[in-house]
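A.B. asks: need the 3D shape of this:
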Amino acid sequence: MPVHRPGKIVCVGRNYRDHAKELGNEVPREPLIFLKPPSAVIEPGASIVLPQVSKQVEYEGEIGLVIGTRIRNVGEADALRAVRGVLAVNDVTARDLQKSDGQWTRAKGFDTFCPLGPIVEGMPDAARLTVVTRVNGVERQRGQATDMAFGLATLVSYISRIMTLEPGDVIATGTPAGVGPLVPGDTVEVEIVGLSKVSNPVTA
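C.D. replies: Numbering: from 1, shown residues only. Next up is the predicted model:
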């Protein structure tokens, strides 16, 4: 199955309270959003390549939403009707560069830093959406959509009031606690349990 190529990838930071806490941050008053470039996308099985300029690259397993219809200024009550489906996302991050740069474009934007799983059509109830990250088969992260500081409908609506969302765009909805480093030889897997999965080896 060919990899999905979104027009843009809108990511949400600090959307799980336990993850914000583990990095010493407060949960923001409004969703904290940033972009990853489409050039960062890779398919299951492709290698995550660690850049030489970073000494601390980490995994971030996330629930991804794929937009199905063009929307702008949509209300929360209608927001999820625009979702085509869900997919697993690994928001790979150069943590040291994220801290040193003061903004996140470089830390989040390297080629190979956005593995995407296959799209599962439809919008499941949030209570059914659980994301799990494993490194070398060992579970490192587990979080549910119902644990988010800002829920799925809130995120879609909020982002649509800032930028037009086009069919194929991906929203990465935030990562739960348990982020950690990747080293060459690792295999990292992000799964939306029972739905979408992406597994990738890590190379230097």
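A.B. asks: tell me the first helix or strand C-terminal of the least confident helix or strand in the chain by mean pLDDT.
C.D. replies: Taking mean pLDDT, DSSP states H and E as the measure, the chain has helix 17-22 as its least confident helix or strand, at a mean of 75. Next helix or strand after helix 17-22 toward the C-terminus (DSSP states H and E): strand 32-36.
A.B. asks: counting by contacts, list what that following strand packs against.
C.D. replies: The helices and strands touching strand 32-36, judged by 3 or more C-beta pairs under 8 Å, 6 or more residues apart in numbering; DSSP states H and E, are strand 9-13, helix 105-109. All C-beta spots, glycine's among them, are computed from the backbone N, C-alpha and C.
A.B. asks: nearest the middle, which residue of the protein would you pick?
C.D. replies: A172 (3.6 Å; C-alpha atoms, centre = their mean).
A.B. asks: that one and L87 touch, don't they?
C.D. replies: No: counting by C-beta atoms under 8 Å, A172 sits too far from L87 to count as a contact (9.6 Å).
A.B. asks: and the longest helix for the protein?
C.D. replies: helix 152-160 (DSSP state H).
A.B. asks: so what touches that helix?
C.D. replies: 10, 12, 15, 30-31, 33, 65, 67, 71-77, 79-80, 82-83, 126, 145, 150, 165, 171, 173 (C-beta atoms under 8 Å, 6 or more residues apart in numbering).
A.B. asks: how about a cut-off of 7 Å?
C.D. replies: 10, 12, 31, 33, 65, 71-76, 79-80, 82-83, 126, 145, 165, 171, 173 (C-beta atoms under 7 Å, 6 or more residues apart in numbering).
A.B. asks: just the buried ones out of those, please.
C.D. replies: The neighbour-count test (16 or more other C-beta atoms under 10 Å) marks 10, 12, 31, 33, 65, 71, 74, 79-80, 82-83, 126, 145, 165, 171, 173 as buried among the contacts of helix 152-160.
A.B. asks: quick one: least confident of those?
C.D. replies: Lowest in pLDDT among the buried ones among the contacts of helix 152-160 is A126, which has 92.
A.B. asks: against V170, how distant is the nearest residue to it once chain neighbours are set aside?
C.D. replies: Of all residues not flanking A126 in the chain, A145 sits nearest, at 4.0 Å (C-beta to C-beta, 6 or more residues apart in numbering). The gap separating A145 from V170 is 15 Å, by C-beta to C-beta, to the nearest Å.
A.B. asks: still on that earlier bit, so what sits against both of A172 and L87?
C.D. replies: G64.
A.B. asks: low-confidence ranges in this structure?
C.D. replies: The chain contains residues with pLDDT under 70 at 1, 19-20.
A.B. asks: so how many other residues sit close to C114?
C.D. replies: 27 (other C-beta atoms under 10 Å).
A.B. asks: ok, it - contacts?
C.D. replies: By C-beta under 7 Å, 6+ apart, the residues touching C114 are I9, K36, A40, V41, I42, V89, D91, V92.
A.B. asks: alright, that wraps it up for me.
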